[in-house]
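Enquirer: sequence first, predicted model second:
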Amino acid sequence: MKKVPVLIYEGPELSQSQREELIKGLTEVACKVTPEIPKEAYYVFIREYPAEKVGVGGLVLPEYLANLRKKQTER
């Protein structure tokens, strides 16, 4: 069985045009680094997470970012 190269992005939700650009860009970079693997062999998976489903420092991301902005304005 032949091995299939897989590229995975995990991050915030993207627009359709951003997804398309990300897939194209990741594939182009991978092909540049590993020219022996044809472009058609790459699989790209995108896992998107809404901000409310991401935690940082024990807080949901929107709350964490709000606290961060507040601290920055207090300086």
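Expert: Received it, and whenever you're ready, just let me know what you need.

Enquirer: drop to CA atoms for contacts and neighbour counts, all remaining ones
Expert: Will do.

Enquirer: now E28. Nearest residue, chain neighbours left out?
Expert: Excluding the flanking residues, the one nearest E28 by C-alpha to C-alpha, 6 or more residues apart in numbering is K39, at 7.7 Å.

Enquirer: list the buried residues for the longest helix along the chain?
Expert: When the chain is parsed with DSSP state H, its longest helix is helix 16-33. Buried residues in helix 16-33, counted by 16 or more other C-alpha atoms under 10 Å: 22-23, 26-27, 30-31.

Enquirer: which among those gets closest to K53?
Expert: Nearest to K53 among those, counting by C-alpha to C-alpha, is L22 at 21.7 Å.

Enquirer: picking that back up, what helices or strands is the longest helix of the chain leaning on?
Expert: Judged by 3 or more C-alpha pairs under 8 Å, 6 or more residues apart in numbering; DSSP states H and E, the packing partners of helix 16-33 are strand 43-49.

Enquirer: bridged to Y43, which residues?
Expert: Beta-bridge pairing for Y43 (DSSP bridges): V6.

Enquirer: tell me the spacing between R75 and V6.
Expert: The spacing between R75 and V6, counted by C-alpha to C-alpha, to the nearest Å, is 44 Å.

Enquirer: the two - which one has more neighbours?
Expert: More crowded of R75 and V6, by other C-alpha atoms under 10 Å: V6, with 12 against 5.

Enquirer: show me what contacts that one?
Expert: 42-45 (C-alpha atoms under 8 Å, 6 or more residues apart in numbering).

Enquirer: how about Y64?
Expert: With contact set as C-alpha under 8 Å, 6+ apart, Y64 has these partners: 56-57.

Enquirer: give me phi/psi at it?
Expert: In terms of degrees, to the nearest 10, the main-chain angles of Y64 are phi -60, psi -50.

Enquirer: need the pLDDT of it.
Expert: The score at Y64 is 95. That number is its pLDDT.

Enquirer: for M1, same thing?
Expert: pLDDT at M1 comes out at 58.

Enquirer: before we move on, what about R75?
Expert: For R75, the pLDDT comes out at 82.
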